[in-house]
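Q: Sharing a model prediction with you, sequence too.
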Amino acid sequence: MKIGVFDSGIGGLSVVNAIKKELPELDIVFKNDKEHLPYGSKTTDQLLSLSRPVLESLVDDGCEVIVIACNSVSTNIIDDLREVIDVPLIAMEPMVKPAAELTKTNTIAVCATPATLASNRYRFLKEEYAKGVKVLEPNCSNWSSMIENNEIDHDNIKDLTNKVCEEGADVIVLGCTHYHWIEEEIAQIAQGRAVIIQPEKPVIEQLKRVLEQLS
Ligand code: DGL
């Protein structure tokens with residue numbers, strides 16, 4: 001079976017690698033939109049007009065399911081996309097609910113793009129699942145470009161991680177697929193203070209369920 005994976009850039013590649021490990025038999029077509037990165041600073045209208053043609057081209061290529069490996073797109077326009085794209089779309093969004101269930105300090109940190117943090121879906125997740133939990137939202141606004149361009153600012157990652165740990169976060173949510181590439185680095189800095197979570201595993205489980213329904 002052929003599936004598509006879409007992101008603005010190399011964040012999606014991390015998701016492709018994770019899917020390949022778990023489902024090596026799949027034929028995966030990965031498309032990104034590097035030219036317009038960062039998606040995290042785009043409006044919902046821009047996100048829709050940029051991502052729709054790429055998703056349509058994945059459908060034209062014969063993809064029967066598409067993983068939107070981009071939190072910025074998923075949290076802002078997944079409903080609009082589901083109305084116009086004719087194959088099942090699997091979304092990725094910050095793991096606010098699991099983080100709220102995991103925290104013992106009642107404090108979590110969500111690292112995500114400005115577009116994700118500003119989305120209605122993210123607000124809903126916080127109100128529905130993290131009521132009464134302190135949610136730190138550190139400024140990661142330049143991280144996706146930093147990672148895409150391989151210009152990693154290790155001091156910035158260290159400072160930001162230390163700061164949220166010092167403020168009591170014991171769960172750090174990676175709410176942008178680009179940040180999966182620096183997950184190990186963050187985990188090492190946070191070691192013993194906070195765990196890092198991101199949604200590749202649940203997304204693959206969801207993908208398996210959708211593939212089963214299609215077969
Ligand atoms: N990797 C994407 C996300 O998960 C978008 C990053 C960007 O282009 O700003 O939000």
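A: Thanks, I have the structure now. Numbering: from 1, shown residues only.
Q: which secondary structure element contains residue 3?
A: Secondary structure from DSSP states H and E places residue 3 in strand 2-7.
Q: and the angle from the helix ranked longest in the chain to strand 2-7?
A: Using DSSP state H, we find that the single longest helix of the chain is helix 44-60. For the pair helix 44-60 and strand 2-7, the angle between their directions (axes from the mean of the first three to the mean of the last three Cα atoms, to 10 degrees) equals 160 degrees.
Q: Which elements pack onto helix 44-60?
A: Judged by 3 or more Cβ pairs under 8 Å, 6 or more residues apart in numbering; DSSP states H and E, the packing partners of helix 44-60 are strand 2-7, strand 27-32, strand 65-68, helix 71-84. Where you see a C-beta, it was placed from the backbone N, CA and C, and this is true even at glycine.
Q: Which residues of this protein lie near the ligand?
A: For the chain, the contact set with the ligand under Cβ under 6 Å from any ligand atom comprises 7-9, 11, 37-40, 70-72, 113, 116, 144, 176-178.
Q: Helices of this structure, residue ranges please.
A: Read by DSSP H, the chain holds these helices, from start to end of the chain: 11-22, 44-60, 71-84, 96-102, 114-117, 120-129, 143-148, 154-166, 183-190, 200-214.
Q: Output those helices as TSV; include the columns mean neighbour count.
A: Putting the helices of the chain into TSV (neighbours: other Cβ atoms under 10 Å) gives the following:
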stretch	mean neighbour count
helix 11-22	19
helix 44-60	16
helix 71-84	21
helix 96-102	18
helix 114-117	23
helix 120-129	15
helix 143-148	21
helix 154-166	16
helix 183-190	16
helix 200-214	15
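Q: Which of the ones you listed sits closest to residue 29?
A: When the helices of the chain are ranked by proximity to residue 29, the top entry is helix 44-60, at 6.1 Å, counting by Cβ to Cβ.
Q: outside of stretch 180-189, which residues touch it?
A: Here stretch 180-189 makes contact (Cβ atoms under 8 Å, 6 or more residues apart in numbering) with 10-11, 14-15, 143, 147, 152, 154, 157-158, 161-162, 165, 172, 174, 179, 195-196, 198, 200.
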